[in-house]
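Engineer: sequence first, then the predicted structure, then my questions.
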Amino acid sequence: LAGGFERHVARAWGEEHEADVVRAGVQRHLHGGGRLQPADFDFAVQGDAIGLARQTANTLGGDFYVMDAERGVARVLLSAALGRPRQVLDFVRCRGTSWLADLQDRDFTINAIACDPRTGELIDPLNGGGDLAARVLRAVGPSSVSDDPVRAIRGVRLAHQFALSCESATWQAIAAIGER
């Protein structure tokens with residue numbers, strides 16, 4: 001799952017970050033049967049996400065922006081080069097104390113899929129890949145949508161973008177937000 005570009009980015013981090021970065025947003029790649037070459041990548045970092053984003057920008061010659069210092073969110077923009085489209089790399093501090101806690105805090109199972117950018121090992125403890133293959137949008141938990149009402153809008157967008165059917169409890173949670 002980890003392409004040459006992602007391995008190139010991972011090399012920019014050095015060995016001190018070997019075990020603390022995971023790529024999220026894998027559903028875009030899986031939805032295309034592994035054929036997509038996404039122009040944006042999301043990296044969850046256990047530790048200093050902003051520092052790692054700055055290091056990545058410096059090493060790869062990209063632009064660097066802090067998007068939310070309090071939540072540890074930064075963006076790196078890499079210009080198009082060598083037949084590769086412009087790349088957007090988002091770095092965010094991991095939610096929770098482990099990858100599992102981070103993934104369980106996501107909105108929908110298809111967004112709780114990650115992979116190690118160095119090895120391509122898939123991390124999918126909530127079966128988001130299975131839901132994507134079955135074309136089902138499923139909330140990670142009973143309060144996933146109500147915890148952040150913007151997730152209802154995102155759910156509708158994802159269902160449309162990937163031609164998914166909403167699982168019954170997920171649809172009820174989305175509809176309940178609309179009734180507020």
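Structural biologist: Structure's in. What do you need?
Engineer: and Ala134, how many neighbours?
Structural biologist: 12 (other Cβ atoms under 10 Å). All C-beta spots, glycine's among them, are computed from the backbone N, C-alpha and C.
Engineer: and what of His160?
Structural biologist: Here the number of neighbours of His160 (other Cβ under 10 Å) works out to 10.
Engineer: got any ranges where this structure has weak pLDDT?
Structural biologist: Counting by pLDDT under 70, the ranges of the chain that qualify are 1-39, 82-84, 118.
Engineer: all helices of it, in order?
Structural biologist: In the chain, the helices defined using DSSP state H lie at 4-13, 27-31, 49-60, 99-104, 128-133, 150-161, 168-178.
Engineer: in the third one, what's buried?
Structural biologist: Across helix 49-60, burial judged by 16 or more other Cβ atoms under 10 Å covers 49-50, 52-57, 60.
Engineer: let me know the closest of those to Glu70.
Structural biologist: Set against Glu70, the nearest of the buried residues of helix 49-60 by Cβ to Cβ is Ile50 (10.6 Å).
Engineer: my guess is the closest one meets Val66, correct?
Structural biologist: Yes: counting by Cβ atoms under 8 Å, Ile50 touches Val66, with 5.9 Å between them.
Engineer: out of the buried residues of helix 49-60, who's nearest Asp116?
Structural biologist: Distances from Asp116 to these, taken as Cβ to Cβ, are shortest for Leu52 (15.0 Å).
Engineer: thought the closest one was touching Arg93?
Structural biologist: No: between Leu52 and Arg93 there is no contact under Cβ under 8 Å: 9.7 Å.
Engineer: between these two, what contacts are shared?
Structural biologist: Counting by Cβ atoms under 8 Å, 6 or more residues apart in numbering, the shared contacts of Leu52 and Arg93 are Val45.
Engineer: how close does Gln55 get to Ala80?
Structural biologist: Separation of Gln55 from Ala80 (Cβ to Cβ, to the nearest Å): 22 Å.
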